[in-house]
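>>> Sequence plus the predicted model coming up.
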Amino acid sequence: MSKNENYYRRVDLPAGELHVFAKDELFEAMGARTLEMANNNLQIPDIRYMSYTPDAHVGVGTCIGTTAVWETERAFVSPSIVGSDIGCGMRVHVTNLKAEDLKDVKLRRKLVKAIEKRLPVENHARGYFSDIRLEDALRKGLHGLPGKYVPDAYTPRKATSLTHVECSRFRFDESWLDRIPEQLWHRSHRQLGTLGGGNHFVEIQAVDIDEGNRRIAEQWGLQDGQVIVMIHSGSRSWGGAVNQYCGSEVAKTMRLLGLGTADPKLAFAPLDSEAGQAYANLMYSALNFAVVNRHLIGYAIRDAFKDTLGAPFEMRTLYDLMHNYAWEERHGDASYFVHRKGATRSLPAGHPDNPAPYASTGHPALIPGSMGTSSYLMVGSPEGARNYYSICHGAGRVRSRNATKQLVTVDEFASSLRIGQDDEIVVNHKGLESIIDESPQAYKDVDQIIESVVGAGLATVVAKCRPMATVKGV
DNA sequence: ATGTCC
């Protein structure tokens, strides 16, 4: 780590201050368009704080990597600063396996096949959980699931399904659900327990503990070489339904109140307006969907492991958390409405908002890398308060899907996954052509992102997680 | 991201 490196700067834009947490070369690579977008977002009335994490890049209306904060009493809510996949986030399960148990590439292939059998990954796929009512999941989150799906039977010594999550149930005014048209409801039926496409994935990884945080790693129950399962998915078409219905409501309100910026795609409304309330309440239903969806993906993977390995198998939940959402948080003595779009909350030890099991360590912050590269388990630092405890959400895209398809060959992609070697990262796609836009060259180097977060003092590394097998949608 | 244009 170079001593003269800067990891933070304040950028004074015409509309206000943008705080950027990134090492110099990452900041310089962000480009003028990211600053233009910040300047538009800073024109939303009464905004109190806005920042970019080092993985920030251009998105629709608002950059992915944004944290934007209002005081709750005069808050605006913005579908653009939540992002299209409401509730998108990460989940990690800790197995009782060691990496050497999965050393045989044939076994990893068998495992990937077993996962595909229980986890629909193709476009338009229906989920297998036909006895779960969509309404119950939307209203009550994990508490709306039948008992058999809260699989603590797999974690006999410790119940972790409901306690080791950022939030097991988002409460909201459920009468807003009636506003969603029947046709949009229909799309979401039987979609719980499906992976989705794009950057969503399930990955089997091996843990490498960082010496500096070995004590915390042990308190989290992690050991070197331990196999974990990392899940990245969101609210599928239900989030889309919420955006579709609320998008037009928010647009109406903006016209009525004469609100807007240079970017017509940047949508926002006062939180206490009719449209703001519609969006906030229905957004919470989508957060419930996303948490339940990742939970059920975990449930399916447990069964796949059990089918493949037999033997006593455990897969307790380490944590589930989001990186596309907005909600109320207390900071100091005041209440704030915090938006995170491609940003992860990372609370330090002792912070009162940690779930009970992580009160004394801080909760795990789950940061995925790109395909073929490592992922990270982080923990927040007290100094993270200066950024409302937001850190990065992953590597961050560096070139478009089309540009990546132009640039990267199938052979290059295959070699980055070490296809054909003993330590091959097994992928569920026979041909890599269809997911070449997810190759590592589409993304920034996650190690540089992590170095920036650590260098800025926002969080520290607890473990680096090496990929062994990956399941992707299309 | 998304039954990615019913």
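On my side now, so go ahead. Note that this is a predicted model, so its numbers are computed, not measured. Numbering: from 1, shown residues only, chains lettered A, B, ... in the order given.
>>> Residue numbers of the stretch 351-474 of chain A in contact with DNA strand B?
Contact residues, the stretch 351-474 of chain A versus DNA strand B (C-beta under 7 Å from any atom of the strand): A:473-474. C-beta here means a position set from N, CA and C on the backbone, and glycine is covered the same way.
>>> and with 10 Å instead?
Proximity of the stretch 351-474 of chain A to DNA strand B (C-beta under 10 Å from any atom of the strand) is limited to residues A:397, A:401, A:435, A:437-438, A:442, A:472-474.
>>> which residue is nearest the centroid of chain A?
The residue lying closest to the centre of chain A (C-alpha atoms, centre = their mean) is residue A:89, at 2.4 Å.
>>> doesn't residue A:196 make contact with residue A:120?
No: with contact defined as C-beta atoms under 8 Å, residue A:120 does not reach residue A:196; the gap is 9.7 Å.
>>> More neighbours: those two, which one.
Set side by side, residue A:120 and residue A:196 show more neighbours around residue A:196, with 25 against 21, by other C-beta atoms under 10 Å.
>>> any idea how far DNA strand B is from that one?
2 Å (C-beta to the nearest atom of the strand, to the nearest Å).
>>> Kindly report the same for residue A:307.
Taking C-beta to the nearest atom of the strand, one finds residue A:307 at 25 Å from DNA strand B.
>>> what do you get for residue A:86?
Counting by C-beta to the nearest atom of the strand, the gap from residue A:86 to DNA strand B is 10 Å.
>>> Note down every partner strand of the longest strand along chain A and its orientation.
When every strand of chain A is counted residue by residue (DSSP state E), the longest turns out to be strand A:459-472. Strand A:459-472 has the following sheet partners, assigned by DSSP bridges: strand A:201-209 (antiparallel), strand A:375-380 (antiparallel), strand A:426-427 (parallel).
>>> quick one, which of those strands is packed in tightest?
Among those, judged by mean count of other C-beta atoms under 10 Å, the one packed with the most neighbours on average is strand A:375-380 (a mean of 26).
>>> still on that earlier bit, can you check which of the strands paired with strand A:459-472 gets nearest to residue A:187?
strand A:201-209 (22.3 Å; C-beta to C-beta).
>>> Could you see whether DNA strand B lies near the closest one?
Yes: shown here: strand A:201-209 in contact with DNA strand B (C-beta under 10 Å from any atom of the strand) through residue A:201.
>>> Could you tell me how far that strand lies from the centre of the chain?
Relative to the centre of its chain, strand A:201-209 is centred 15 Å away, using C-alpha atoms, centre = their mean, to the nearest Å.
>>> Can you give me the buried ones in the helix or strand following it?
Heading C-terminal from strand A:201-209, the first helix or strand you meet, by DSSP states H and E, is helix A:214-219. Applying a neighbour-count criterion of 16 or more other C-beta atoms under 10 Å, one finds A:216-217 buried in helix A:214-219.
>>> do the same with stretch A:403-411
A:404, A:408.
>>> Can you name the residues in contact with that stretch?
Residues from elsewhere that reach stretch A:403-411 (C-beta atoms under 8 Å, 6 or more residues apart in numbering): A:399, A:431-433, A:436-437, A:439, A:441-442.
>>> can you redo the strands paired with strand A:459-472 as TSV with distance to residue A:411 and mean pLDDT?
Listed next are the strands paired with strand A:459-472 as TSV, based on distance: least, C-beta to C-beta, whole Å; pLDDT from 0 to 100:
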stretch	distance to residue A:411	mean pLDDT
strand A:201-209	22	98
strand A:375-380	25	98
strand A:426-427	15	96
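>>> where do the helices sit along chain A?
A:24-30, A:32-41, A:105-118, A:134-140, A:182-188, A:214-219, A:236-257, A:274-309, A:401-407, A:410-416, A:446-455 (DSSP state H).
>>> Now for the residue nearest to residue A:84 when sequence neighbours are not counted: which residues touch it?
In space, residue A:84 comes closest to residue A:243 once its chain neighbours are excluded; the distance is 6.1 Å by C-beta to C-beta, 6 or more residues apart in numbering. Residues near residue A:243 by C-beta under 8 Å, 6+ apart: A:79, A:84, A:86.
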